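Visitor: Predicted model and sequence follow; I will ask about them next.
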Amino acid sequence: MTKTKWVWMAVLVGCFAPTAALGQTDQDRAGVERAALDYLEGFYEGDAAKIRSGVHPDVVKFGFFPSQSGDGYASEPMSFDQMIEFANGVQERGNFAPEDAPKEVILLEVTDQIAAVKVVAWWGHDYLHLARYDGAWKVIHVIWQSAPSG
């Protein structure tokens, strides 16, 4: 193989190599995981301070859950203020998640400014997009679904 072909092969490999490692530092991964846990624990523990810590006020959250008719799914948005209200309601009613409730955070990709995370919770699966705001990682988008039946 000629030197030119080797150079082009190296360029192509570099272009198509996974980019998940770009910008990933231990500090970034820890910050993303903490923000995702603040989101999850805020709901589990009824802790509005954790929601405020891990979630950006401009968050967009949208979820799918079994419809009451039993035919497919219904969907509903939830704002930042509604998240805070929900957490406060959990606290007021003492309706906390069971201690053995799933609480898994899977980092899908972390770069220097944005991240994607999967959260496994008692209500189902959430996919979170996070961004760094003034040095702090915050959840900015959430899409979730109740655990599929069967």
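Guide: Looks like it arrived, so ask away.
Visitor: show me where the protein has helices.
Guide: Counting by DSSP state H, one finds helices in the chain at the ranges 3-16, 26-45, 48-54, 80-93.
Visitor: closest to V119 out of those helices?
Guide: Ranking the helices of the chain by proximity to V119 (Cβ to Cβ) places helix 26-45 first, at 5.6 Å. Every C-beta, even on glycine, is put in place using the N, C-alpha and C of the backbone.
Visitor: of the helices of the chain, which approaches H125 most closely?
Guide: Closest of the helices of the chain to H125 is helix 26-45, at 11.6 Å (criterion: Cβ to Cβ).
Visitor: distance of the nearest residue to P98 once chain neighbours are set aside from F80?
Guide: When the adjacent residues along the chain are set aside, P98 lies closest to W122, with 7.2 Å between them (Cβ to Cβ, 6 or more residues apart in numbering). Using Cβ to Cβ, to the nearest Å, we find W122 at a distance of 21 Å from F80.
Visitor: now swap in E41 and tell me
Guide: In this structure, E41 lies at 16 Å from F80, with Cβ to Cβ as the measure.
Visitor: And for D28?
Guide: From D28 over to F80 the distance is 23 Å, taken as Cβ to Cβ.
Visitor: For the spatially most central residue of the chain, give the beta-bridge partners.
Guide: For the chain, the residue whose C-alpha lies nearest the mean C-alpha position (Cα atoms, centre = their mean) is L128; its distance is 2.4 Å. Listed by DSSP bridges, the beta-bridge partners for L128 are V117, V142.
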